[in-house]
Every structure is written in C-alpha cells, then in structure tokens.
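Chemist: mind folding the following:
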Amino acid sequence: MNAHLHLWLIPLLPFAGFLLNGILGGRLPKWLVTAVALLTPLAAFCMVLQISLGLFANPIAIAHLPFVETCSLPWINAGLLHVNFSFVLDQLSLVMLLVVTGVGFLIHVYSVGYMGDDKGYARYFSYLNLFLFFMTVLVLAGNALVMFIGWEGVGLASYLLIGFWFQKKSAADAGKKAFIVNRIGDFGFLIGMFLLIANFGTLTFTDIAAKLGQDPGWNGGVVTVIALCLMLGATGKSAQLPLYIWLPDAMEGPTPVSALIHAATMVTAGVYMVARTHVLFDHSPFALSVVAIIGAATAIFAATIALVQNDIKRVLAYSTISQLGYMFLGCGVAAYSAAIFHLMTHAFFKALLFMAAGSVIHAIGGEQDLRKMGGLRKKLPVTFWTMTAAVLAIAGFFPFAGFFSKDAILYAAFLQGTNGKILWFVGLLTALLTSFYMFRLWYLTFMGESRSPEVHPHESPWSMRGPLVILALLSVCGGWIGMERFGNFLAPSVGVLPTEAGNMRLEIILSIVAVLVALEGWLIADKLYRRKPARPAQYAAALPTGYKLLANKYYVDELYGAVVVKPLLGFSKFVLEWVVDFVILGGAAWLLGGIATFTGAILQRWQSGNLRSYAAWLAAGAAAVLLFLLVPWATVLASLSAIHLGMAGH
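Modeler: All right, here's what the predicted structure looks like:
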C-alpha cells in the first residue's frame with residue numbers, strides 16, 4: 001500500500017475551484033471560469049481513478065485496506081476524547097468516491113451548456129464545486145465528527161443551489177425548506193454522536209467496531225437508541241418518511257442541480273451513513289427493522305404520488321424518494337452491499353433521467369408540464385434514446401443496470417422470513433408502479449403528436465448530449481459487474497450479503513417475476529397513453545377523491561403546515577410581539593425614558609439661571625467635601641463595628 005496517497009487532495013481540488021470562481025469569477029472571462037470549474041473536479045476524479053486502478057492491479061493492497069490518513073495534528077483533546085481530522089480509504093469509500101466524482105464531473109460538463117446564458121454563471125459553478133468538496137469530505141470521513149462537517153456542508157451547498165434563482169419566491173422558499181427540514185434530522189445525528197462519546201469514548205468508526213466486537217454484551221439498549229438517532233439523521237438527508245417533504249421542492253433549482261442532489265450526492269448520504277455505521281445496526285435487530293419498514297413504506301408511498309404528477313421533474317423527484325426507499329430496505333435486511341450497488345446504478349440512471357429531462361426542457365423553451373409535450377422522439381433523437389435507456393434501467397428490465405441492483409435487494413428481503421416476504425411484496429408492487437409512471441412519462445414526452453404546436457424543439461449542444469451518452473452506457477452495462485462480485489469486494493467494509501446457499505433457482509424465479517411485473521407496468525402505460533389516451537382522464541373523473549389525494553401528495557404539506565408550521569409561527573409571533581417587543585423592548589424603553597426624565601428634573605434645578613441658587617449649590621458642595629475630608633471615617637467605622645459586635649454578643 002502506498003503510504004502517501006494524499007487523500008486530502010481529493011476534496012481540496014474542488015474547494016480550490018470554489019475559491020477561485022467564488023472570489024474572482026465575476027472578473028474572469030467566461031472560458032477561464034469554465035476551465036476552473038471543470039478541471040478541478042476532473043483532477044479529483046482522475047486522482048480517485050488512479051488510486052482505484054493501482055489498488056485493483058494489486059490485490060495485496062486491497063487486502064490491506066482500510067488506509068487511514070490523518071490530515072492534521074491532534075484535532076480535539078478533551079479528557080479521554082481524542083478526535084483527529086482523518087480520512088479513511090476502504091472498499092466502501094472507494095466506490096462512493098468513484099460515483100461522486102465521476103457522475104459529479106459529468107454534471108459539471110452538462111451544466112456548461114445548460115447554464116451558459118445565466119448571469120450567475122461563475123457563482124453557480126462555485127456552488128457546484130463547493131458541493132463536491134463537502135460530499136467528498138463526508139465520504140472520506142474516518143469518524144463521525146468529520147462526517148458531520150461534510151454532512152452540514154452538503155446541506156449548506158444544497159441550500160445555495162436549490163435557491164440559486166433566489167429572485168423567484170418559490171426557489172427561495174424551497175431552499176429554506178430543505179435547510180430547515182434537514183436540521184431536524186441533523187439533531188438526531190448530533191444526539192447519536194453525544195451518545196457515542198458517552199458510551200464508547202470515541203467517534204472513530206473503526207474503534208467503535210472494535211469495541212462492539214470485543215464485548216458481545218452490546219446488543220439492543222443504548223445501541224438501539226444510538227442507531228435510531230443516526231437513522232433520524234439519515235431520514236432527513238435521504239428524504240424518507242416523514243422528512244421527505246423537502247426533496248420534491250428541490251427541483252426549483254437548475255436541472256443540473258437536481259441531477260447532482262438526486263443522483264450522486266446529497267440524498268445518498270443517509271444511505272451511506274447507515275452502511276458506514278452498520279456495526280451499530282447489526283447489534284440492534286429492532287433498529288434494522290425500523291430501517292427496513294421506513295424504506296419499504298417510503299418506496300411505495302412516493303411511487304403512488306408519482307403516478308399522477310404532471311411536472312416532469314416532480315415525477316423524477318418522487319421517483320428518487322421511492323428508489324431511496326429501496327436502498328433503505330436493503331440496509332434494513334442487512335444487505336448493505338446490495339443497497340450500495342443500487343446506490344451506484346441509481347446514480348447512473350437517475351442523473352441521466354434528470355439531465356435528459358433538462359435537455360427536453362431546454363429544447364422546448366423551459367416548459368416542464370408533461371401535458372404540453374409529446375412528439376419529441378424524432379426531433380430530439382439523442383435525448384430520446386438515452387432517456388429510453390434510463391427508463392428501462394429504473395423499471396428493472398434485463399440486462400439494464402437497475403435490474404441487477406433492485407433484484408439483489410428484493411432477493412435479500414425475501415430470505416428474511418415472513419416479515420421479509422411482506423417487505424419483498426411491497427418492493428415488488430413498487431416496481432410495478434415505477435415501471436408504469438416512468439413509461440407514462442416516456443409516452444407523454446416523446447410519443448404521439450405535439451401538444452404545443454407553436455414550440456419548435458431543437459437538440460441540446462454536445463456539452464449536454466455528451467454526458468447523456470456516457471450515462472446511458474453506464475445505465476445499460478453498469479450492473480454487469482454482478483452482485484456477487486460487487487458484494488465480495490465490499491464485504492470487508494459492510495459484511496457479507498445475506499444469501500441462501502445453493503438456491504440459485506429461487507433467485508432466478510424471483511428475478512423473472514420482477515421482470516414480468518415491470519413488463520406489466522409498461523403494458524398498462526402503453527394501453528393508457530398510446531392505444532387509449534382518453535382513458536386516464538376518464539379514470540380521474542370516475543375516481544375524483546383518489547385522484548385529488550394523489551395529485552395533492554396526500555395533503556402532507558398542508559397537514560404539516562396546519563399542525564407544525566402555523567402553531568410555530570403563531571407562537572413566534574406571540575413571543576416576538578408581546579414578550580420581546582412589548583415587555584422587554586417596551587419595558588427597557590420606558591425605564592430609560594423614566595431615568596432620563598428623573599435626571600432631567602434634577603439637572604433642571606441645577607441649571608436654574610439664578611445666581612443665588614448657584615451660590616447655594618456651591619456652598620453645599622464645598623461643605624460636603626470638607627465633611628468628607630475632616631471627619632475621621634476610620635474611627636467612625638471602627639465604632640460602628642464594635643457596636644454591631646456587641647449587639648451580636650447579646
């Protein structure tokens with residue numbers, strides 16, 4: 001193993017891009033802003049790629065992972081707590097680095113064409129580089145505190161990017177919503193860290209794992225509480241029930257931002273954190289069950305909402321929430337490598353879906369309503385074929401990437417007894433819904449006649465089409481590595497994938513069932529949106545209550561507004577207007593006014609303009625000074641003290 005990998009350079013490179021474009025971008029020519037914005041993440045990706053190739057070429061080096069690199073002198077020394085600012089390279093962080101820097105760089109390239117005419121071009125790329133910096137810090141973190149720095153930094157960068165067009169109230173509100181909702185989850189993460197310090201005396205992941213391995217008594221109890229606190233943090237960051245509400249609104253930012261947030265970075269941070277701390281969850285079956293149930297519930301809940309959404313980006317946003325539910329389901333059945341496998345393949349096809357949607361929006365003048373699209377297949381051929389690959393991948397058709405990773409999660413769930421089979425069925429039903437709503441989007445966007453004849457679409461520039469082609473290839477063949485090989489590689493970091501020895505037949509049967517379910521979803525969408533396009537409106541009219549419930553997202557935002565937001569605003573208004581404004585500020589003003597009035601009254605008597613009055617005040621002052629100088633105060637004080645002591649004696 002090379003003892004000088006210089007892992008600190010990986011996050012430092014995009015951070016340098018952030019500083020250069022953030023400070024000087026407004027004064028630099030556009031080509032130089034672009035060069036800085038692209039070369040810094042490209043250099044980080046090349047460094048990760050070089051490390052990966054070196055490790056894969058040397059199996060002995062892989063066997064010696066994890067590699068720990070301390071990037072500072074002892075960072076925190078407080079009693080028995082010692083925390084270093086350290087980075088860790090192991091199988092898990094290596095896979096995540098490849099995904100984050102690789103897909104992140106492609107999104108940077110795509111942004112050159114998409115944001116080319118925006119006045120905030122330099123500011124946009126500085127935020128994008130900052131996002132990549134914090135995400136690589138999060139992935140490389142060797143302890144929970146360093147991870148929390150990246151965790152909070154990603155939240156800051158997402159706030160800046162979601163609200164990038166802050167002149168729009170909806171964008172500014174969406175940024176604030178994402179920031180505030182994530183603070184709820186972050187509170188859980190903080191409590192979990194405090195409990196780790198109190199019970200383990202360390203925040204370093206390897207030390208926690210070692211202590212859990214040495215003492216078999218660490219089961220349930222406080223470990224469950226810690227795991228649930230961490231799960232709360234993951235629920236906020238990865239948009240799971242009940243803290244998912246910020247992610248659909250995050251589409252208010254530029255489309256490349258949606259691709260970055262939904263695919264390769266922020267929303268996968270919660271899944272990564274659960275996998276990184278899996279030793280805690282492994283010692284708490286209850287916490288694992290909570291993760292699995294929340295994941296399955298989120299997957300089907302979000303899929304039902306996506307069925308009737310008409311904004312192309314909102315459909316994809318709820319699709320992301322649903323696919324993240326699959327990842328949590330994988331973690332909840334201890335199939336961490338399957339969850340990370342799906343995280344990787346999802347990064348490919350979800351980034352492609354958002355970027356292809358951005359290409360469509362760019363081609364038709366900013367329109368996002370599916371009801372105003374149609375007939376774009378021949379006019380946008382590159383966008384059409386690349387998005388088709390992504391749709392087939394997310395629907396789970398063989399041999400596309402999503403087939404391998406999704407089926408690995410469903411298979412692992414099926415092996416977990418009766419409860420696991422229930423979770424498997426929920427996941428299978430979610431796959432049916434996923435296939436339907438994705439092919440619904442596909443038909444409404446590309447097939448039939450144009451529903452906006454005044455629009456004259458045009459294919460996007462190659463700076464946008466190039467990343468689409470690369471991601472389409474990855475969406476097709478990204479899963480061919482195979483779950484077994486991928487699981488064996490990740491095993492030292494996240495444990496072995498649950499399997500049933502010698503039951504290849506069961507795995508094949510379940511895979512065939514999953515593909516048939518996906519095919520059924522496609523056939524339903526084909527019938528409703530190609531052969532009988534009048535049927536969806538008829539069904540919506542026949543079932544108005546159910547349709548409105550789904551179209552309005554189960555009224556969850558309205559419920560949160562009535563139960564949480566309005567009471568908090570009312571309480572805040574009471575505190576600010578009555579307690580702070582009236583009592584504190586008003587009382588302080590009244591007190592100061594009274595002091596001023598009283599002082600003025602005294603000074604008014606002094607400044608009367610009467611010479612005899614001045615002479616009297618002068619005589620009184622002189623007498624007071626003489627009294628102070630002539631009276632033996634020490635004798636007086638001693639006498640008073642003696643009198644006091646005498647009285648105390650009696």
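Chemist: what helix or strand does T206 sit in?
Modeler: helix 205-214 (DSSP states H and E).
Chemist: could I get the average pLDDT for that helix?
Modeler: The average pLDDT for helix 205-214 rounds to 91.
Chemist: gap between S284 and L81?
Modeler: 24 Å (CB to CB, to the nearest Å). Quick note: C-beta positions are derived from backbone N, CA and C, even for glycine.
Chemist: let me redo that: E367
Modeler: Taking CB to CB, one finds E367 at 55 Å from L81.
Chemist: for those two, indicate the residue with more neighbours.
Modeler: E367 (16 against 12; other CB atoms under 10 Å).
Chemist: just say helix, strand or coil for the more buried one.
Modeler: coil (DSSP: H, G, I helix; E, B strand; the rest coil).
Chemist: thinking again about what came up before, neighbouring contacts of the helix holding T206?
Modeler: 66, 68, 88, 142-144, 196, 200, 202, 218, 223, 276-277, 279-280, 283 (CB atoms under 8 Å, 6 or more residues apart in numbering).
Chemist: so, low pLDDT: which residues of the stretch 101-250 of the chain?
Modeler: Judged against pLDDT under 70, the stretch 101-250 of the chain has no low-scoring part.
Chemist: packing partners of the one helix or strand I293 maps to?
Modeler: Secondary structure assignment for I293, by DSSP H and E: helix 285-306. Packing partners of helix 285-306 (3 or more CB pairs under 8 Å, 6 or more residues apart in numbering; DSSP states H and E): helix 222-237, helix 278-282, helix 312-332, helix 417-446.
Chemist: how about 6 Å then?
Modeler: helix 222-237, helix 312-332, helix 417-446 (3 or more CB pairs under 6 Å, 6 or more residues apart in numbering; DSSP states H and E).
Chemist: pull that helix out as CSV, backbone CA atoms only.
Modeler: Only the C-alpha atoms of helix 285-306 are listed here, as CSV (Å, rounded to 0.1, in the frame of the first residue of the first chain):
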residue,chain,number,x,y,z
PRO,A,285,-32.5,-6.0,15.3
PHE,A,286,-35.1,-3.5,16.2
ALA,A,287,-33.3,-0.6,14.6
LEU,A,288,-32.7,-2.7,11.5
SER,A,289,-36.5,-3.5,11.3
VAL,A,290,-37.3,0.2,11.6
VAL,A,291,-34.9,1.0,8.7
ALA,A,292,-36.5,-1.7,6.6
ILE,A,293,-40.1,-0.7,7.3
ILE,A,294,-39.4,3.0,6.7
GLY,A,295,-37.6,2.2,3.5
ALA,A,296,-40.5,0.0,2.2
ALA,A,297,-43.2,2.4,3.3
THR,A,298,-41.3,5.3,1.6
ALA,A,299,-40.8,3.4,-1.6
ILE,A,300,-44.5,2.6,-2.2
PHE,A,301,-45.8,5.9,-0.7
ALA,A,302,-43.7,8.0,-3.1
ALA,A,303,-44.4,5.8,-6.1
THR,A,304,-48.1,6.3,-5.7
ILE,A,305,-47.7,10.1,-5.7
ALA,A,306,-45.6,9.9,-8.9
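Chemist: if we can go back for a sec, now list the buried members of the contacts of helix 205-214.
Modeler: 66, 88, 142-144, 196, 200, 202, 218, 223, 276-277, 279-280, 283 (16 or more other CB atoms under 10 Å).
Chemist: quick check, nearest of those residues to K177?
Modeler: A144 (26.3 Å; CB to CB).
Chemist: gap between the closest one and F200?
Modeler: To F200, A144 is 10 Å away according to CB to CB.
Chemist: circling back: of all the helices and strands packed on helix 285-306, which lies closest to S493?
Modeler: Of all these, it is helix 312-332 that lies closest to S493, at 13.5 Å by CB to CB.
Chemist: which SSE is immediately downstream of the closest one?
Modeler: Tracing the chain C-terminally past helix 312-332 and defining elements by DSSP H and E, one meets helix 336-363 next.
Chemist: now stretch 219-235: how far from the chain's centre is it?
Modeler: In terms of CA atoms, centre = their mean, to the nearest Å, the centre of stretch 219-235 is found 19 Å from the chain centre.
Chemist: how about stretch 529-548?
Modeler: 35 Å.
Chemist: any idea how far apart the tips of that stretch sit?
Modeler: End-to-end distance of stretch 529-548 (CA to CA, to the nearest Å): 20 Å.
Chemist: on that earlier part again, who's in contact with the helix holding I293?
Modeler: 224, 227-228, 240-241, 281, 315, 318-319, 321-322, 325-326, 328-329, 331-333, 423, 426, 430, 433-434, 437, 550, 553 (CB atoms under 6 Å, 6 or more residues apart in numbering).
Chemist: where do the strands sit along the protein?
Modeler: Per DSSP state E, the chain carries strands over the ranges 67-70, 76-78, 81-83, 86-89.
Chemist: mean confidence score for the last one?
Modeler: Looking at strand 86-89 alone, the average pLDDT works out to 92.
Chemist: cool, the third one as well?
Modeler: Averaging pLDDT along strand 81-83 gives 87.
Chemist: partner strands of that strand, with direction?
Modeler: As defined by DSSP bridges, the strand partners of strand 81-83 come to strand 76-78 (antiparallel).
Chemist: pull the distance from the partner strand to the chain's centre.
Modeler: 29 Å.
Chemist: neighbours around V515, how many?
Modeler: V515 has 18 neighbouring residues, counting by other CB under 10 Å.
Chemist: find the nearest non-adjacent residue to it, please.
Modeler: Residue nearest to V515 in three dimensions, not counting chain neighbours: F398, with 5.8 Å by CB to CB, 6 or more residues apart in numbering.
Chemist: what's around that neighbour, how many residues?
Modeler: 15.
Chemist: go on, A588?
Modeler: There are 10 residues near A588, going by other CB under 10 Å.
Chemist: same check, this time on E558
Modeler: If you count neighbours by other CB under 10 Å, E558 ends up with 12.
Chemist: quick one: the residue nearest to it when sequence neighbours are not counted from D249, how far?
Modeler: Nearest-residue entry for E558: N552, 7.6 Å, with adjacent residues in sequence omitted and distances by CB to CB, 6+ apart. Relative to D249, N552 is positioned 14 Å away (CB to CB).
Chemist: ditto for L415
Modeler: L415 is 37 Å from D249, by CB to CB.
Chemist: neighbour count for the two, which is higher?
Modeler: Taking other CB under 10 Å, L415 and D249 do not tie; D249 has more neighbours (21 against 18).
Chemist: what residues are up against that one?
Modeler: Contacts of D249 (CB under 6 Å, 6+ apart): 174, 177.
Chemist: for stretch 332-351, the averaged confidence score.
Modeler: The pLDDT scores in stretch 332-351 average 95.
Chemist: distance from it to the middle of the chain?
Modeler: Chain-centre distance of stretch 332-351: 16 Å, with CA atoms, centre = their mean.
Chemist: CA-only coordinates of it in CSV, if you can.
Modeler: Provided in CSV are the C-alpha atoms of stretch 332-351 (Å, rounded to 0.1, in the frame of the first residue of the first chain):
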residue,chain,number,x,y,z
GLY,A,332,-32.8,-2.9,6.8
VAL,A,333,-32.4,-6.5,5.8
ALA,A,334,-28.6,-6.2,6.3
ALA,A,335,-27.9,-6.4,2.6
TYR,A,336,-25.7,-3.3,2.7
SER,A,337,-23.7,-4.2,-0.4
ALA,A,338,-26.9,-4.6,-2.4
ALA,A,339,-28.1,-1.1,-1.1
ILE,A,340,-24.7,0.4,-2.2
PHE,A,341,-24.9,-1.4,-5.5
HIS,A,342,-28.4,0.1,-6.1
LEU,A,343,-27.0,3.5,-4.9
MET,A,344,-24.3,3.2,-7.7
THR,A,345,-26.6,2.1,-10.5
HIS,A,346,-29.3,4.7,-9.4
ALA,A,347,-26.6,7.4,-9.7
PHE,A,348,-26.2,6.5,-13.4
PHE,A,349,-29.8,6.3,-14.5
LYS,A,350,-31.2,9.0,-12.2
ALA,A,351,-28.6,11.5,-13.2
